[in-house]
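# Turn this into a structure:
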Amino acid sequence: ILLLNRLMVSSAVNGLGRPKDKLVKKKKKKPNKLTTVADVVPSNGKSNLVEVVKSELSALIKVPVEVEDSRLVGKKVFEQLIAPVEVGRFLETVLEKKVLLVKRAAGVGEENCWLSTSDIDRMLRENALHFGVNVDVTSYEDGQRETHNQDGRAHAAVIWDFYKTGCSIRLLNPQTFVPRVWRKLALLQEFVGSFCGANVYLTPPGTQGFAPHWDDIEAFIVQLEGKKRWRVYAPRSPAETLPDYSSPNFREDEVGSPILDCVLTPGDLLYFPRGFIHQGNCLSEEHSLHITVSMHQKHAYSHLLEKLLPIAIAKASLPGLKHSLPVDYLDWTGEGRPQKSAKREAMVSELQQLVKQLADVVPEVVDAACDQHALGSLRESLPPCLSEKEKSRSVVQSGSKWRGAEDGLSEEEYINEDTPVQLCRKNCVRLVAGAEGAYNLYYNTDNTLVYHQVELQSIEISEDDGTNVKALIVAYPEPITVAELPAGREDERLELVVGLFERGLLLVSSPLNET
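Predicted coordinates:
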């Protein structure tokens, strides 16, 4: 139900799809005469909801090519995204609380260049992108939002024809076709602990592609080319603050006055929490290209409680939980029934007491609940994006190689008791307790670059194997030899490590040498 709801109401930023309108190819129109606004328009007295930072940095934070510790490198990617704002201060004072605008005088810079319009042209010509799966064509004019997707493959000539008629182009999963986008997102999710996605928006001069709306994700917008005017509005009520779902499209008269009205130029960052209504339109003088990085969808305490409460109820030894409901409870509960009665008040009091008693069980079940929530994130997550050196230390480039008809296959040294190994990423696996001492090991290395394209993969392992996997998890990022694993026989330890290596979960400390 959650997935269907997401597909039906998902917004322009998170890119999981909106209902398609009937195909109507637009007639070419003249660009709207939009005036250029000041860099930042005053925030209508709601300055506590907006923070503006101006940066003169000539170079942004660099992210190491090689990943020694994926959590630390993922933090570097996040630092790069929000620079010069310090990560700790952002998490404490900005995240989920206010809008952040970072004006960067130095422009995009090589370090923060996710992709270009030329990359989009290349993607369309060299890959089979499909309407509704990889790309959307949209427009917003006279208060009406339209989707103009056709069926089948989105050829470059067709996409550029739509663009010339004033339509916006939205790429739904650029990480599938641009390795540097994949790498940034895959590392970013290692730090933030949830799936990180991205959409890319290319907008013709003087047009707008989407109606005002809010999203169910934390949105980080990086302007890559051209300029775009953004208006951001505060949540209209407590019920619309940090929502679990994306909104429908709003009319201009439904959103009130903006708390921020600004123009993004290349390199600028705009962050706003879920629930903040927003709209962007391209200025008349040039096109706009921006990327929206998203995170923390369905990642709140409420979603963890959805996992925790059923486990707590099953675990708790509370007699009251097992008592039958009163035979006449239907007479005094529910819509259309008396809302005041002694029996109803007694039932409410009993339920309140049971909920309070369930709180005592939380320490016993919080790990199991977090495991279950983490499995959802693991299924959504991107697979690790390995560097060339990492590939040489993984199953990707190990093993025998074909040397030609005369030489045949090469022989190659393989893993032994003295081979140091480590997980390829800190969060590429999740170990979950199974039945009778066994474990299920879930992993994301078989995930694809398309959202939810495959089911989450897992293997069932023994208690000793589970102990050894825990040792690998605790040791990360330091390598550990097969002989140093604490449980089981030598042949069992070796079989486990070889199996994990062949699934892409482990790296050896140095490439396996040919013999």
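
# Would you mark the buried spots in whatever helix or strand Phe191 lives in?
Using DSSP states H and E, Phe191 sits in helix 179-192. Going by neighbour count (16 or more other Cβ atoms under 10 Å), the buried part of helix 179-192 is Val181, Trp182, Arg183, Lys184, Leu185, Ala186, Leu187, Leu188, Gln189, Glu190, Phe191, Val192. (Glycine included, C-beta is placed from N, CA and C.)

# Could you do stretch 229-245 as well?
Buried residues in stretch 229-245 (16+ other Cβ under 10 Å): Arg229, Trp230, Arg231, Val232, Tyr233, Ala234, Pro235, Arg236, Leu242, Tyr245.

# Just give the nearest non-adjacent residue to the second one, would you?
Translated: Trp230. In this structure, Trp230 finds its nearest non-sequential neighbour in Gly280, 4.8 Å apart by Cβ to Cβ, 6 or more residues apart in numbering.

# Would you mind confirming that the one you found makes contact with Ala211?
No: if you go by Cβ atoms under 8 Å, Gly280 and Ala211 don't touch, sitting 10.9 Å apart.

# if you count what's nearby, which of those two comes out ahead?
Neighbours were tallied for Gly280 and for Ala211 using other Cβ atoms under 10 Å; the higher tally belongs to Gly280 (26 against 21).

# That one sits in which helix or strand?
strand 277-282.

# ok, then the element right after that strand?
That would be, after strand 277-282 and using DSSP H and E, strand 288-295.

# Give me the sheet partners of that next one and which way each runs.
Applying DSSP bridges, strand 288-295 is found paired with strand 197-203 (antiparallel), strand 218-226 (antiparallel).

# Just the angle for it relative to strand 277-282, thanks.
Between strand 288-295 and strand 277-282, the angle comes out at 150 degrees (axes from the mean of the first three to the mean of the last three Cα atoms, to 10 degrees).

# which residues of this structure fall in helices?
Taking DSSP state H as the test, the helices found in the chain are 2-9, 70-82, 87-89, 117-126, 156-164, 179-192, 301-315, 319-322, 342-358, 362-380, 388-392, 463-475, 490-502.

# Output the ones you listed in CSV; the columns should cover mean pLDDT and distance to Asp136.
Below are those laid out as CSV (pLDDT from 0 to 100; distance: least, Cβ to Cβ, whole Å):
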stretch, mean pLDDT, distance to Asp136
helix 2-9, 39, 13
helix 70-82, 95, 24
helix 87-89, 96, 33
helix 117-126, 96, 13
helix 156-164, 96, 10
helix 179-192, 96, 17
helix 301-315, 95, 27
helix 319-322, 88, 48
helix 342-358, 93, 44
helix 362-380, 95, 20
helix 388-392, 93, 33
helix 463-475, 97, 40
helix 490-502, 95, 38
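
# between those helices, which gets nearest to Ile217?
Among the helices of the chain, the nearest to Ile217 by Cβ to Cβ is helix 2-9 (10.6 Å).

# contacting residues around Arg493?
Glu417, Asn468, Val482, Ala483, Leu485, Ala487 (Cβ atoms under 8 Å, 6 or more residues apart in numbering).

# wait, isn't the first one in contact with Val482?
Yes: distance between Glu417 and Val482: 4.9 Å, which falls inside the contact criterion (Cβ under 8 Å).

# neighbour-wise, which of the two wins?
Neighbours were tallied for Glu417 and for Val482 using other Cβ under 10 Å; the higher tally belongs to Val482 (20 against 14).

# Look up how far Val50 lies from the spatially closest residue to Pro477 that is not a sequence neighbour.
Excluding the flanking residues, the one nearest Pro477 by Cβ to Cβ, 6+ apart is Asp69, at 4.2 Å. Asp69 is 35 Å from Val50, where distance means Cβ to Cβ, to the nearest Å.

# Narrow the buried residues of stretch 229-245 to those in strands?
Counted as lying in strands by DSSP state E, out of these, are Arg229, Trp230, Arg231, Val232, Tyr233.

# Return the closest of those residues with respect to Lys356.
The closest of those, once distances to Lys356 are taken by Cβ to Cβ, is Tyr233, at 39.1 Å.

# In contact with the closest one: list those residues for me.
Pro212, Val255, Gly256, Ser257, Pro258, Ile259, Phe276, Ile277, His278 are the contacts of Tyr233 under Cβ under 8 Å, 6+ apart.

# Dump the contacts of Arg493 into a markdown table; add distance to Glu495 as well.
Output for the contacts of Arg493, formatted as a markdown table (distance: Cβ to Cβ, whole Å):
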| residue | distance to Glu495 |
| --- | --- |
| Glu417 | 12 |
| Asn468 | 11 |
| Val482 | 10 |
| Ala483 | 14 |
| Leu485 | 11 |
| Ala487 | 13 |
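
# Among these, which one lies nearest to Thr138?
For the contacts of Arg493, the nearest to Thr138 is Asn468 (50.9 Å; Cβ to Cβ).

# The closest one: what's its closest spatial neighbour, skipping adjacent residues?
Leaving out its chain neighbours, Asn468 is closest to Leu485 (Cβ to Cβ, 6+ apart), at 4.3 Å.

# Over to Thr138?
Nearest one to Thr138, counting by Cβ to Cβ, 6+ apart, is Gly209 at 4.6 Å.

# what does Pro511 give?
Ser392 (4.5 Å).

# So what's the residue count around that neighbour?
Ser392, neighbours per other Cβ under 10 Å, totals 16.

# Roughly how far does it sit from Leu449?
22 Å.

# can you give me the strands in the stretch 401-515 of the chain?
Taking DSSP state E, counting those that start in this stretch as the criterion, the stretch 401-515 of the chain contains strands spanning 420-423, 429-433, 439-443, 457-461, 480-481, 506-508.

# Make CSV out of the ones you listed and add mean neighbour count.
Shown next, in CSV, are those (neighbours: other Cβ atoms under 10 Å):
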stretch, mean neighbour count
strand 420-423, 21
strand 429-433, 18
strand 439-443, 21
strand 457-461, 16
strand 480-481, 18
strand 506-508, 24
